[in-house]
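A.B. asks: Please work out how this folds:
(chains A, B and C)
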Amino acid sequence: MRAIPRGEVAGYGEVARRAGLPGRARMVARLLSHNEDPTLPWHRVLRSDGRIAFPPDAPEFAEQSQRLRAEGVRVEAGRVRGVRAATLDEQIWGVPD
DNA sequence: GAATTGACTCCGT
DNA sequence: TACGGAGCCAATT
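C.D. replies: Take a look at the predicted model:
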């Protein structure tokens, strides 16, 4: 997850796969929900459809959007624009699959 | 050990 | 793009 460059994002599934745990997207989500490490760029992790995983009324939603925008990522109504959310495996790790 | 519960994903409408 | 349904995995009840 820390390998995700500033200003880029990745999906839960992507992260799980790169961690050697295909199909464990929910596990990643669970880890994040319990994570306490402030240096972990959790805000760069989105759902497969490129949207923020929180409901728009959740306080985390605002925080994540803000953090992303602070990195130059365009966020509109909980959806991330300008970055491939589900398939930048290659873009990040140079793995063509 | 069955039922429930998510910061999930895929597919058909 | 939005919805609903089914599948999924691990932790919790």
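A.B. asks: I figured residue A:63 hits residue A:42, correct?
C.D. replies: No. Contact criterion Cβ atoms under 8 Å: residue A:63 and residue A:42 do not qualify, at 9.9 Å. Using the backbone N, CA and C atoms, a C-beta is placed for each residue, glycine as well.
A.B. asks: Looking at those two, which one has more neighbours?
C.D. replies: residue A:42 (18 against 14; other Cβ atoms under 10 Å).
A.B. asks: who's in contact with the more buried one?
C.D. replies: A:1, A:32, A:35, A:64 (Cβ atoms under 8 Å, 6 or more residues apart in numbering).
A.B. asks: quick one: pLDDT of it?
C.D. replies: pLDDT for residue A:42: 93.
A.B. asks: Against residue A:19, how distant is it?
C.D. replies: Distance, residue A:42 to residue A:19, by Cβ to Cβ, to the nearest Å: 14 Å.
A.B. asks: same thing with residue A:77?
C.D. replies: Shown here: residue A:77 relative to residue A:19, a distance of 30 Å by Cβ to Cβ.
A.B. asks: Who has more neighbours out of those two?
C.D. replies: Using other Cβ under 10 Å, the more surrounded residue of residue A:77 and residue A:19 is residue A:19, with 13 against 9.
A.B. asks: Show the average pLDDT along the lengthiest helix in chain A.
C.D. replies: As assigned by DSSP state H, the longest helix anywhere in chain A is helix A:59-70. What helix A:59-70 shows for mean pLDDT is 92.
A.B. asks: All good on my end, thank you.
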